[in-house]
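> sequence-free structure coming up:
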Ligand SMILES: Nc1ncnc2c1ncn2[C@@H]1O[C@H](COP(=O)(O)OP(=O)(O)OP(=O)(O)O)[C@@H](O)[C@H]1O
Ligand SMILES: [Mg+2]
Ligand SMILES: [Zn+2]
């Protein structure tokens, strides 16, 4: 299916199959402000998708995502696929997947948790359940099943 | 299987076999805890007690345990005097303390503090309570009390009464008892029930859990009645508190319908939950329970610091 309504990019990353309406959150995770100022970021909202009905797509020039950002995307947009584009071609394509431990991506929702007290440590969560995803704080055991509002 | 050098952060860190090992060792420690025999098992060991929150009871029982075994300890009992006040992180404080002594016992107001301390320390860390989180040595002494009274934990019918929502002792104890195949009965004011999360974990572990709304009927065929404090600050107004607290008060009238061997437990300090008239009955196990905190901690310290059970 030809769906490129946006100019192709030479090098960069395409995050496709983002659940409908979540592209702006994905942009927030990517941290658009940190990008090379000559890079183009294109966002397609509400695109027809065979698999999902509707989806969003984000394409970023000259950037590859850190594992940490991939984990954050996996949490809020678990259906996303990530394609690495080099010289206009898809070099690598994979579904986002969640490792068993997620470090530094979320803040623990328990305000009294030691990980929220200016200690020199990063937050750490274990996957307690996968479908739907439930995480458990590695410090205080608090469970989290809503991730958007807890992104670090 | 050995506890030597291990951290004890949550009761979940111990397998059923390891819990049984601690309970066996604790039983052997009783004459030493009572001062009838003497031991030098911890003679060359130095323990650091870091109490960043007041807890006289737990702290004294650890100090007693160390000294009964001929060990020594240094204690931070007052957080305002410590470096924490100057803004030093718990991480750095623990890192430093771990280079001084052979192990750390930590009480701290933040949940997860003991987990963090264990990461920062290269010596064993024992959690003596982290905020509303875990307090595994309390669970072990609770188990020891039931084990001593009945010779077993499996098949016991244990009624939990009172605040099951915020009472951390209940959550850990319920988990541990479910490992031993005990039957759990929950009885609490409607707003202070066991959190869903805890209930789900118990169900997943295959625990036998039921609910009882009448204290009288729940007590009838129980082996253990575990009473917890109902805290005033959990209620919107004084009148509501008084009403609820009143309906969860255990006295000899309620116990008249119980099995003769029923034991009443309470993590202490009690406020009004158990009438003083119960103290003189054979049901009262709460002071024995408090005492057993000493041999249990002796056993644990000996296993963790020396690898030997006394
Ligand atoms: N040069 C390019 N510039 C921008 N986007 C590209 C480029 N090449 C491919 N893409 C996009 O990258 C994603 C993966 O490309 P691919 O050709 O594998 O898509 P596809 O055939 O639609 O597969 P699927 O939708 O099953 O992942 C798609 O969203 C596609 O639109
Ligand atoms: Mg496609
Ligand atoms: Zn936490």
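Arrived safely, thanks for sending. The structure displayed is predicted, hence computed values, not measured ones. Ligands and ions are numbered 1, 2, ... in the order given.
> if I look at residue A:73, how far off is residue A:147?
10 Å (C-beta to C-beta, to the nearest Å). Glycine gets a C-beta too; all of them are placed from N, C-alpha and C.
> got it, and residue B:89?
Taking C-beta to C-beta, one finds residue B:89 at 27 Å from residue A:147.
> what about these two, which has more around it?
Neighbour tally, residue B:89 and residue A:147, criterion other C-beta atoms under 10 Å in any protein chain shown: the higher count belongs to residue A:147, 21 against 18.
> is the residue nearest to residue B:70 when sequence neighbours are not counted in a helix, a strand, or coil?
Nearest residue to residue B:70 in three dimensions, chain neighbours excluded: residue B:40, at 3.9 Å (C-beta to C-beta, 6 or more residues apart in numbering or on different chains). Under DSSP: H, G, I helix; E, B strand; the rest coil, residue B:40 falls in the coil class.
> mind checking which helix or strand residue B:50 is in?
strand B:46-51 (DSSP states H and E).
> kindly report the same for residue B:5.
Using DSSP H and E, no helix or strand contains residue B:5.
> what is the neighbour count of it?
13.
> same check on residue B:208?
14.
> the domain parsing of chain B - what is it?
B:11-135+B:293-306, B:136-289 (automatic domain parsing).
> in the strand holding residue B:50, what's buried?
B:47-51 (16 or more other C-beta atoms under 10 Å in any protein chain shown).
> got the contact list for the residue of chain A most remote from its centre?
The centre of chain A is farthest from one residue, residue A:112, which by C-alpha atoms, centre = their mean lies 27.0 Å away. Going by C-beta atoms under 8 Å, 6 or more residues apart in numbering or on different chains, residue A:112 touches A:140, B:109-111, B:131-132.
> redo that, cut-off 7 Å
Applying C-beta atoms under 7 Å, 6 or more residues apart in numbering or on different chains, one finds that residue A:112 lies in contact with B:110-111, B:131.
> tell me which of these has the lowest pLDDT.
Within the set of the contacts of residue A:112, pLDDT is lowest for residue B:131 (89).
> now look at the helix or strand containing residue B:172 and say if it contacts chain A.
Here residue B:172 sits within helix B:168-179, counting by DSSP H and E. No - Helix B:168-179 stays clear of chain A (C-beta under 7 Å from any C-beta of the partner chain), getting no nearer than 9.6 Å.
> who are the packing partners of that helix?
Here helix B:168-179 touches helix B:136-150, strand B:157-161, strand B:183-187, helix B:196-204, going by 3 or more C-beta pairs under 7 Å, 6 or more residues apart in numbering or on different chains; DSSP states H and E.
> quick check: phi and psi on whichever residue of chain B sits closest to chain A?
Per C-beta to the nearest C-beta, residue B:112 is where chain B lies closest to chain A, at 2.7 Å. In terms of degrees, to the nearest 10, the main-chain angles of residue B:112 are phi 90, psi 0.
> quickly note the distance from it to residue B:105.
Counting by C-beta to C-beta, the gap from residue B:112 to residue B:105 is 17 Å.
> can you get me a residue count around residue 38?
No chain was given, so I picked chain A. 7.
> oops, chain B please
Neighbours of residue B:38 (other C-beta under 10 Å): 10.
> redo the domains of chain B as TSV? Include distance to ligand 1.
TSV is the format used below for these (distance: least, C-beta to the nearest ligand atom, whole Å):
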stretch	distance to ligand 1
domain B:11-135+B:293-306	40
domain B:136-289	36
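> can you tell me the closest non-neighbouring residue to the closest residue to chain B within chain A?
Residue of chain A nearest chain B, by C-beta to the nearest C-beta: residue A:139 (2.7 Å). Leaving aside its sequence neighbours, residue A:139 sits nearest to residue B:112 (C-beta to C-beta, 6+ apart; 2.7 Å).
> need the strands for chain A, in chain order.
Under the criterion DSSP state E, chain A contains strands at A:12-19, A:41-49, A:53-61, A:81-86, A:89-95, A:101-103, A:124-130, A:133-137, A:143-144.
> need those in JSON lines (columns: distance to residue B:10 and mean pLDDT).
Shown next, in JSON lines, are the strands of chain A (distance: least, C-beta to C-beta, whole Å; pLDDT from 0 to 100):
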{"stretch": "strand A:12-19", "distance to residue B:10": "35", "mean pLDDT": "96"}
{"stretch": "strand A:41-49", "distance to residue B:10": "44", "mean pLDDT": "93"}
{"stretch": "strand A:53-61", "distance to residue B:10": "40", "mean pLDDT": "95"}
{"stretch": "strand A:81-86", "distance to residue B:10": "36", "mean pLDDT": "96"}
{"stretch": "strand A:89-95", "distance to residue B:10": "34", "mean pLDDT": "95"}
{"stretch": "strand A:101-103", "distance to residue B:10": "17", "mean pLDDT": "96"}
{"stretch": "strand A:124-130", "distance to residue B:10": "13", "mean pLDDT": "94"}
{"stretch": "strand A:133-137", "distance to residue B:10": "12", "mean pLDDT": "95"}
{"stretch": "strand A:143-144", "distance to residue B:10": "15", "mean pLDDT": "94"}
